[in-house]
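[1] For reference, the sequence and a predicted model appear below.
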Amino acid sequence: MRASDSVRIGVLPLGSVCTVFICGIFAVAISAAQMNVVLRWDAAALQGVRDAKLGAPMAARALAIVHTCMYDASAAYDERAVGSQLRGALRRPASERTEANKQRAISYAAYRALVDVLPVDTESVYKPLMRELGYDPNDNSTDIETPTGIGNVVCAAVLEFRHHDKSNQLGDMPRVESAGTGNGPLGVYGDWSGYRAINPPATVPVHFPFVKPVNPDHWQPLTYTDATGNLVLQMFVGAQWCFVTPFALEKGDELRAAVEPGPAKFGSDEYQQQADELIALSANLTDRQKMIAEYWSDGPDIEQPPGHWMRFAQFISERDHHTLDDDVKMFFALSNAMMDAGIAAWDAKRTYDSVRPLTAVAILYNGKKIRAWGGPGKGTVEMDGSEWRPYQLATSPTPPFPEYVSGHSTYSAAAARILELWTGSEHFGHSVTLPAGSSQIEPGVTPRQPVVLKWETFDAAANEAGMSRRYGGIHFARADLAGRKLGALVADRAWEMSRSYFNGTVVGAAPQVAAGN
């Protein structure tokens, strides 16, 4: 198999192949027989993320929970490693540390986690995979002298902890008193914290009049028609995420000083310059830049940035001939680093509540002529500045949350750093080929020739991911660069915490979160 091979994504039979190494809108499939159970359950989790259509921070948390449950189950059969919740209390004797026992315990833990955090694919993906592996999904044993009981018990402990981490996964958190009706009904992952947008929503597309924001420094929600023909009114997805309990950080704001002083302010030279930069990029987009923007877009119909990097980790597993123990630890460190990256990034988004480029350009150039990308297949055209749009699908013109910092940059820098620390090298050596005419925004037109994206180092991939959001008109340079810095810092914390679990040297009791807080 060549990493640069590419085919259209499809849902493939679990019994024959699994969709691994899906990157952006292209995929490579490998035989299920070549995959250990960690990789198979990770592939199942990514299918669940795609089908659940979660926001990026929710997806990162779900993946972290699944891989934490798998790791905690495996730790019971490790000589030194301790789990995140029950620590060394479940350690089994050396005679029981077999591959078969580990595979069973890991599979039950993964299955229970997925049914809880990504239930949409329980019947279609998770139960069939359990049965294919030879396990009974209805076996709820809690006998900790058996692998089945180990998997079920450790997962229950992780879920009990995470159900009270302030993410509001269960939709059972009370609103803060000042929240009023807030962002609408709470429900699953609803915002209990009382965020309210300062600016009234603006309408998209451009034939509606431009709604000038009350405050040009702050995020303006959008109203537009989505791919299903429904009218969308944006709300801040994950407004409460700054309060979620992290893995290695003390709190979401712990590294906020790394992204200070925040975004450029309205009236400053930089506010104008950053808008000019994006207009210039828009006017001169090459096919390669367009495909970079699309490849890394990773919206809710795919697997979000955290899922993209999980697929890169699958490539590393194959490249480096990982054992089961290798994968359970690498994915544990990677997924928890990305969960913390989302918490830290969303702390900055909530704190600065900053304006998106679409709004800022309209503010600065309403009634003025600019030259920029004019829409699918139109190339560069002259337009009124209020008509400028990012290089994005019209049915998803810009993400539903504030701009600063870039989530893509933060997730990607964190993941790249973890993979570098895990492998002990900067070398990545991965590539994808994007066929001619494969653009979703300009189908059949872009690119005119196949585009090869190749990354010799993990940093090169992460930096391209960050830059892709500028090509796509989603982020300003400062948000991209601050996100890269923040992600690397988060990863260093997560790596040290992960190693303390692997080495059995973690200090203190298992973390506790009071129910309902």
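    Sure, I can see it. Numbers count the residues shown, from 1 in each chain.
[2] C-alpha from now on. contacts and neighbour counts both.
    Noted.
[3] What ranges does the stretch 201-350 of the chain have for its helices?
    Counting by DSSP state H, counting those that start in this stretch, the stretch 201-350 of the chain has these helices, from start to end: 269-283, 287-295, 304-319, 324-352.
[4] Likewise for the chain?
    37-52, 56-75, 99-117, 127-132, 147-162, 269-283, 287-295, 304-319, 324-352, 357-365, 407-423, 458-471, 477-502 (DSSP state H).
[5] Show me what the third one is packed against.
    Taking 3 or more Cα pairs under 8 Å, 6 or more residues apart in numbering; DSSP states H and E as the contact definition, the neighbouring helices and strands of helix 99-117 are helix 37-52, helix 56-75, helix 127-132, helix 147-162.
[6] Using TSV, please lay out those helices together with mean pLDDT and distance to Q220.
    As requested, these are arranged in TSV below (pLDDT from 0 to 100; distance: least, Cα to Cα, whole Å):
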stretch	mean pLDDT	distance to Q220
helix 37-52	98	26
helix 56-75	98	20
helix 127-132	98	42
helix 147-162	98	31
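[7] circling back to that earlier point, most packed of the helices of the stretch 201-350 of the chain?
    With neighbours defined as mean count of other Cα atoms under 10 Å, those peak in mean count at helix 324-352, which reaches a mean of 27.
[8] what angle separates it from helix 304-319?
    If you take axes from the mean of the first three to the mean of the last three Cα atoms, to 10 degrees, helix 324-352 sits at 160 degrees to helix 304-319.
[9] for helix 324-352, the distance to its chain's centre please.
    Distance of helix 324-352 from the chain centroid (Cα atoms, centre = their mean, to the nearest Å) equals 9 Å.
[10] Make 51 the starting number, not 1.
    Okay, using 51 as the starting number, the last item reads as helix 374-402.
[11] Which strands or helices does that helix pack on?
    Counting by 3+ Cα pairs under 8 Å, 6+ apart, the packing neighbours recorded for helix 374-402 are helix 87-102, helix 106-125, helix 354-369, helix 457-473, helix 527-552.
[12] Any idea which of those gets closest to P266?
    Nearest to P266, of all those, is helix 527-552, at 16.5 Å by Cα to Cα.
[13] I'd like to know which elements the closest one is packed against.
    helix 374-402, helix 457-473, helix 508-521.
[14] domain ranges for this structure?
    Here the domain parsing of the chain from automatic domain parsing is 57-212, 247-552.
[15] need the helices and strands packed on helix 527-552 in a markdown table with distance to A112, can you?
    Shown next, in a markdown table, are the helices and strands packed on helix 527-552 (distance: least, Cα to Cα, whole Å):
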| stretch | distance to A112 |
| --- | --- |
| helix 374-402 | 9 |
| helix 457-473 | 15 |
| helix 508-521 | 22 |
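[16] Now mean pLDDT too, for the ones you listed, in a markdown table please.
    As requested, those are exported to a markdown table (pLDDT from 0 to 100):
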| stretch | mean pLDDT |
| --- | --- |
| helix 374-402 | 98 |
| helix 457-473 | 98 |
| helix 508-521 | 98 |
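[17] wait, which of those is closest to T336?
    Closest approach to T336 among the helices and strands packed on helix 527-552 is made by helix 508-521 (9.6 Å; Cα to Cα).
[18] who does the closest one touch, helix- and strand-wise?
    Judged by 3+ Cα pairs under 8 Å, 6+ apart, helix 508-521 is in contact with helix 319-333, helix 337-345, helix 457-473, helix 527-552.
[19] wait, which of these is closest to A110?
    Of all those, helix 457-473 comes closest under Cα to Cα, at 9.1 Å.
[20] Only C-alpha atoms, please: export the closest one in PDB.
    Extracted as PDB, the C-alpha positions of helix 457-473 are listed here (Å, rounded to 0.1, in the frame of the first residue of the first chain):
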ATOM      1  CA  GLY A 457      -8.700  25.500  16.600                       C
ATOM      2  CA  HIS A 458      -7.100  23.800  13.600                       C
ATOM      3  CA  SER A 459      -3.700  25.300  14.400                       C
ATOM      4  CA  THR A 460      -4.000  24.300  18.100                       C
ATOM      5  CA  TYR A 461      -5.100  20.700  17.500                       C
ATOM      6  CA  SER A 462      -2.500  20.200  14.700                       C
ATOM      7  CA  ALA A 463       0.400  21.600  16.600                       C
ATOM      8  CA  ALA A 464      -0.500  19.600  19.700                       C
ATOM      9  CA  ALA A 465      -0.800  16.400  17.700                       C
ATOM     10  CA  ALA A 466       2.400  17.000  15.700                       C
ATOM     11  CA  ARG A 467       4.300  17.500  18.900                       C
ATOM     12  CA  ILE A 468       3.000  14.300  20.500                       C
ATOM     13  CA  LEU A 469       3.800  12.200  17.400                       C
ATOM     14  CA  GLU A 470       7.300  13.700  17.400                       C
ATOM     15  CA  LEU A 471       7.800  12.900  21.000                       C
ATOM     16  CA  TRP A 472       6.400   9.500  20.600                       C
ATOM     17  CA  THR A 473       8.500   8.500  17.600                       C
END
